[in-house]
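Engineer: kindly generate the corresponding structure for this input.
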Amino acid sequence: MTIPRPTPRDSAAAPALHARAMDNLSFIRSTMERATAFTAVPGWGGVAMGVTALAATALAQSRVAREEWLVVWLAASVLALAIGGWSMRVKAKRAGTSVFSYPGRRFVLSYLPPLAVGGLLTLVLVRAGLYSALPGTWLLLYGTGVVTGGAFSVRVVPIMGLCFMALGAIALFAPPAWGYWLLAAGFGGLHIIFGLIIARRYGG
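Structural biologist: Below you'll find the model as predicted:
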């Protein structure tokens, strides 16, 4: 009785089949990752950002000079972004993913450009002495970043961004004194309200 032996063609086909299977698995994995929404948007972190904004509102109201008011809000924005970034990283890690996953990168890269534009416009408006235009500008551009980033996240995120944009539009055309309270309503109130919704529905 003779024992069949694999021909050279058979032995060459096996690695090729294995390679094609690995390519197919990589393609499926990549497709699933691209279709996944970024769910590590922080809920409790958003609440903390809102509390920071309300504290900044109270502190800024006691400042007579416009420059002091500006310093308070800029310091609060840096602190809020740090809280948001840290809480997003913690939430992503808890979910077994990363902020730098494909959905996370799409969220961040869509979220940051409007904030960068807001920083540049802040310099321009301050140099021109147009402090009253800052609340509307900040709310509009932050809301734009949340909407564009939220396109790759859960549905409630872009809705929050649209609410920021609505407050920003009101602030641009309302009396200047309204702008400071609209800042509190947006960066304080909206962050807390939507932060609680996200924390409840999407795990913290």
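Engineer: what is the burial count for the residue nearest to T57 when sequence neighbours are not counted?
Structural biologist: Counting by C-beta to C-beta, 6 or more residues apart in numbering, T57 lies nearest to A184, which is 4.1 Å off, once chain neighbours are set aside. All C-beta atoms are positioned from the backbone trio N, CA, C, and that covers glycine. Residue neighbour count, defined by other C-beta atoms under 10 Å, stands at 18 for A184.
Engineer: so A184: helix, strand or coil?
Structural biologist: helix (DSSP: H, G, I helix; E, B strand; the rest coil).
Engineer: thinking it is in contact with V51, fair?
Structural biologist: No - contact criterion C-beta atoms under 8 Å: A184 and V51 do not qualify, at 11.4 Å.
Engineer: test my guess that Y111 contacts A151.
Structural biologist: No - using C-beta under 8 Å, Y111 and A151 do not qualify as a contacting pair, with a distance of 10.0 Å.
Engineer: low pLDDT regions in the chain?
Structural biologist: Flagging of the chain using pLDDT under 70 yields the residue ranges 1-37, 64.
Engineer: try it again with 50
Structural biologist: In the predicted model, the chain carries pLDDT under 50 at residues 21, 23-35.
Engineer: count the residues that sit near L134.
Structural biologist: Residues near L134, counting by other C-beta under 10 Å, number 22.
Engineer: which ones are touching it?
Structural biologist: The neighbours of L134, taking C-beta atoms under 8 Å, 6 or more residues apart in numbering as the test, are L70, W73, T122, L125, V126, G179.
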